[in-house]
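prediction below, plus the sequence it came from.
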Amino acid sequence: MIPGLVWGATEVERGQPLPCDELAFGGVQADRAISIDASPQVVYAWLCQLRVAPYSYDLLDRFGRRGPRRRDPELAELEVGQRFMSQFDLVSFVPDRHITLVTGKICVTYAVRPEGGGTRLVVRMHCGAPWVVARVLALGDLVMMRKQLLILKKLAEAEQRTLA
């Protein structure tokens, strides 16, 4: 396994097909995953919030403006073609299951899977840029995506606690 291409994803998860695989532009595949103590519906609803903020390093992504910490239910009303994180286009989705985004030669699927009483969020990115460029992008993505997944986990779990 090449460092930087996997964070949190199991061997089984890395072998399971995701919608972005059908759009893959060749090149590098990176897999990330995290367990979240919240229902798949709550996790999916927070994924829809990526329409307005990347929920990563706000200083880099939003010039210091913090991403919303309260979920806007209207953002869960998805249509193919909508913008996510200001640079990705929504190309496919199944409510409470996955969203798949594309920008340039990069495609990514965020897949929501039930796990015990919570959720497993599995993310796969394909980058069709030349190998060296794709590897550098995958390493940068590792840093940003790890932060994003940890923030989404925190927000979804906090919301789930208020629902209990």
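Thanks, I have the structure now. What you are looking at is a predicted structure, and each value in this text was computed from that prediction instead of being measured.

what residue ranges in the chain score low on pLDDT?
Under the criterion of pLDDT under 70, the regions of the chain flagged as low confidence span 1-3, 57-66.

now do the contacts for the spatially most central residue of it.
Among the residues of the chain, the smallest C-alpha distance to the mean C-alpha position (C-alpha atoms, centre = their mean) belongs to residue 110, namely 4.3 Å. For residue 110, the residues meeting the contact criterion (C-beta atoms under 8 Å, 6 or more residues apart in numbering) are 47, 50, 98, 99, 100, 101, 121, 122, 123. Using the backbone N, CA and C atoms, a C-beta is placed for each residue, glycine as well.

Throw these into a markdown table and include distance to residue 28 and secondary structure, thanks.
A markdown table is the format used below for the contacts of residue 110 (distance: C-beta to C-beta, whole Å; DSSP: H, G, I helix; E, B strand; the rest coil):
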| residue | distance to residue 28 | secondary structure |
| --- | --- | --- |
| 47 | 23 | helix |
| 50 | 22 | helix |
| 98 | 21 | strand |
| 99 | 21 | strand |
| 100 | 17 | strand |
| 101 | 17 | strand |
| 121 | 21 | strand |
| 122 | 17 | strand |
| 123 | 14 | strand |
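
turn those into TSV, columns for distance to residue 18 and neighbour count.
Formatted as TSV, the entries for these read as follows, by distance: C-beta to C-beta, whole Å; neighbours: other C-beta atoms under 10 Å:
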residue	distance to residue 18	neighbour count
47	14	24
50	16	22
98	7	20
99	11	25
100	8	24
101	12	24
121	12	26
122	7	23
123	9	25
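
what is the nearest of those residues to residue 29?
Proximity of the contacts of residue 110 to residue 29 (C-beta to C-beta) peaks at residue 123, which lies at 11.2 Å.

export the contacts of residue 110 to CSV and tack on distance to residue 161?
Listed next are these as CSV, based on distance: C-beta to C-beta, whole Å:
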residue, distance to residue 161
47, 19
50, 22
98, 25
99, 24
100, 29
101, 29
121, 18
122, 23
123, 24
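
dump stretch 90-109 to CSV, keeping only the CA atoms.
What follows is stretch 90-109, C-alpha atoms only, in CSV (Å, rounded to 0.1, in the frame of the first residue of the first chain):
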residue,chain,number,x,y,z
LEU,A,90,-23.0,16.7,-8.1
VAL,A,91,-23.2,14.0,-10.8
SER,A,92,-25.2,11.3,-8.9
PHE,A,93,-26.8,10.6,-5.6
VAL,A,94,-29.1,8.2,-3.8
PRO,A,95,-30.7,9.8,-0.7
ASP,A,96,-29.2,8.4,2.6
ARG,A,97,-26.7,6.3,0.6
HIS,A,98,-24.2,8.4,-1.4
ILE,A,99,-23.2,11.5,-3.2
THR,A,100,-20.8,11.5,-6.1
LEU,A,101,-19.0,14.7,-7.2
VAL,A,102,-16.7,15.7,-10.1
THR,A,103,-14.3,18.5,-10.8
GLY,A,104,-11.9,18.4,-13.7
LYS,A,105,-10.2,15.0,-13.6
ILE,A,106,-11.2,14.3,-10.1
CYS,A,107,-14.2,12.3,-9.0
VAL,A,108,-15.2,11.4,-5.5
THR,A,109,-18.0,9.4,-3.8
